[in-house]
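Novice: for reference, the sequence and a predicted model appear below.
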Amino acid sequence: MTNTPDGPPLQTRIVDDKSPICIPFILERLKVHRAQHPGRPFIIGLNGVQGVGKTTLVKALAETLEDREGLSTLVVSIDDFYLTHSDQLALAAAHPDNALVQHRGEPGTHDIALLTSFFDAVCNNRPTRVPQYDKAAFSGQGDRVQPDTLWTAINEPGQRPVEVVIFEGWCVGFRALPPAEVEAKWRGPSRTLHRHKLEHLLFVNERLAAYDAVTDRFDAFVHIDAADTEYVYDWRRQQEEALRRDRGAGMTDEQVVKFVDAYYPAYELFSDKVRAGIFRDKPGCQLRLVVAKDRSVQEKIII
């Protein structure tokens, strides 16, 4: 079984109370975008903490935009831009004592050249293909699917051009911090940061700066936040319990903690900046929904 930080590997049972809030926000921002940038696709960044119901939300948003609003909508996951298996092995070998980059997941383990070239094509309405990553390859270590097999072609002649892109992922919208701020967080109280050397955290932070090439293209941003980020441990545990019940296989509680711990340093470093607003010059373009432990929306904030 392959585990992923982005959503449950089984049919979700989460009730969607988020898309009714997100859709009016998105349509209002789309109206402004079309007036200012006619003909250019509308790019939505969507960040949801692990287990919050992001898969359900993205599906509902895409279906509503397609079916009700008649907009050609493409959903893209940052997971499909992970490094190839060989490149991930090379990264791990180059930094053998940095646990943060031994496996895919943390910022720095994505192919930013591929990501930026993809968005260059999309934003300029050029034909391109959507990468696909197979998390089951190499006994769960994962690898990118070859382009000539399962990559989806978009904006080809005869195809309807993409009008809206939803780019989703647990670390979408994260921005690098000043090194002094990383050090301050490392020296302060935390759940996981103290387990890593400062230079290892700074390495991930430095790699994250390159992601701005895509983040700066967002026309709107939706952040599904948790009132307490540590809810992700319970949410993941619930998913694995359901897997064991439904499929007879799933991580133990101990394995869940170890799995989430691998991603949690990025939450501790970068979430505060996302909560404060990822845009430098686009007021009103970020929607933050804060959810309770039962995943219900408790607060709506426009930034």
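Specialist: Arrived safely.
Novice: what sits against the nearest residue to residue 19 once chain neighbours are set aside?
Specialist: The shortest distance from residue 19 to any non-neighbouring residue, by CB to CB, 6 or more residues apart in numbering, is to residue 60 (4.0 Å). From N, CA and C alone the C-beta is placed, and that goes for glycine too. Residue 60 sits next to 16, 18, 19 when contact means CB atoms under 8 Å, 6 or more residues apart in numbering.
Novice: the second one and residue 275, how far apart?
Specialist: Using CB to CB, to the nearest Å, one obtains 17 Å as the distance from residue 18 to residue 275.
Novice: the two - which one has more neighbours?
Specialist: residue 18 (26 against 15; other CB atoms under 10 Å).
Novice: phi, psi for the more buried one please.
Specialist: Backbone geometry at residue 18, expressed as degrees, to the nearest 10, gives phi -100, psi -40.
Novice: so who does it touch?
Specialist: Residue 18 touches 53, 57, 60, 224, 289, 291, 297, counting by CB under 8 Å, 6+ apart.
Novice: quick one: the helices in the stretch 101-250 of the chain, in order.
Specialist: Ranges of helices in the stretch 101-250 of the chain, per DSSP state H, counting those that start in this stretch, are 112-123, 179-187, 198-208, 212-215, 231-247.
Novice: only the buried residues of the first one, if you could.
Specialist: By neighbour count, and taking 16 or more other CB atoms under 10 Å as the criterion, the buried residues in helix 112-123 are 112, 114, 115, 116, 118, 119, 121, 122.
Novice: can you check the shortest one too?
Specialist: Residues of helix 212-215 classed as buried by neighbour count (16+ other CB under 10 Å): 214, 215.
Novice: what does it contact?
Specialist: So helix 212-215 is contacted by 45, 112, 115, 116, 119, 167, 172, 173, 175, 176, 278 (CB under 8 Å, 6+ apart).
Novice: format these as JSON lines; extra columns: pLDDT and distance to residue 26.
Specialist: Below are those laid out as JSON lines (pLDDT from 0 to 100; distance: CB to CB, whole Å):
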{"residue": "45", "pLDDT": "98", "distance to residue 26": "11"}
{"residue": "112", "pLDDT": "98", "distance to residue 26": "26"}
{"residue": "115", "pLDDT": "98", "distance to residue 26": "22"}
{"residue": "116", "pLDDT": "98", "distance to residue 26": "24"}
{"residue": "119", "pLDDT": "98", "distance to residue 26": "18"}
{"residue": "167", "pLDDT": "98", "distance to residue 26": "13"}
{"residue": "172", "pLDDT": "98", "distance to residue 26": "15"}
{"residue": "173", "pLDDT": "98", "distance to residue 26": "15"}
{"residue": "175", "pLDDT": "98", "distance to residue 26": "22"}
{"residue": "176", "pLDDT": "98", "distance to residue 26": "27"}
{"residue": "278", "pLDDT": "98", "distance to residue 26": "16"}
